[in-house]
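# predicted structure and sequence below. I'll ask about it afterward.
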Amino acid sequence: MPYTNEEGGLLNNFAREPKVYQAEPPNNDQKRKYIFSGLAAAALVIGLIVVAFSVSHVG
């Protein structure tokens, strides 16, 4: 583990840096899953808004 000594005798420990890599663009299957997940999330939010609106404006 890399460390340095300061003037007062204190040790400074440094975390190991992760290996840097280039991200790959999503393939068609991953894009399809992202679209489905986005539609499901939007449907959930719209459903919650409809329920909240209908409950708050009863009678």
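Ah, there it is. This structure is a prediction, so every number in the text was calculated from the model and none was measured.

# pull the distance from the helix or strand Ala40 falls within to the chain's centre.
Using DSSP states H and E, Ala40 sits within helix 28-56. Offset of helix 28-56 from its chain centre (Cα atoms, centre = their mean, to the nearest Å): 17 Å.

# for it, packing partners?
Packing contacts for helix 28-56, counted by 3 or more Cβ pairs under 8 Å, 6 or more residues apart in numbering; DSSP states H and E, involve no helix or strand. Where C-beta positions appear, they are placed from N, C-alpha and C, glycine not excepted.

# now it: mean pLDDT?
Summarised as a single mean, pLDDT over helix 28-56 is 96.

# use 453 as the first number for this chain going forward.
All set: I'll call the first residue 453, so the last point we hit is now helix 480-508.

# buried residues in that helix?
For helix 480-508, the neighbour count (16 or more other Cβ atoms under 10 Å) marks no residue as buried.

# again with stretch 461-479
Using 16+ other Cβ under 10 Å as the test for burial, stretch 461-479 gives no buried residues.

# what's the first-to-last distance across it?
53 Å (Cα to Cα, to the nearest Å).

# host element of Asn464?
strand 463-465.

# neighbouring strands of that strand in the sheet, and parallel or not?
Using DSSP bridges, the strands paired with strand 463-465 are strand 455-457 (antiparallel).

# mean confidence for the strand it pairs with?
67.

# check stretch 467-476 too.
For stretch 467-476, mean pLDDT is 88.

# what about that stretch, distance to the chain center?
17 Å.

# and that stretch, C-alpha only, in PDB?
Output of stretch 467-476 as PDB, limited to C-alpha atoms (Å, rounded to 0.1, in the frame of the first residue of the first chain):
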ATOM      1  CA  ALA A 467      -6.200   4.400  -1.700                       C
ATOM      2  CA  ARG A 468      -5.300   2.300  -4.800                       C
ATOM      3  CA  GLU A 469      -6.700   3.900  -7.900                       C
ATOM      4  CA  PRO A 470      -8.900   1.700 -10.000                       C
ATOM      5  CA  LYS A 471      -7.800   0.700 -13.500                       C
ATOM      6  CA  VAL A 472      -9.200   3.100 -16.100                       C
ATOM      7  CA  TYR A 473     -11.000   1.700 -19.100                       C
ATOM      8  CA  GLN A 474     -13.000   2.900 -22.100                       C
ATOM      9  CA  ALA A 475     -16.700   2.200 -21.700                       C
ATOM     10  CA  GLU A 476     -18.300   0.300 -24.600                       C
END
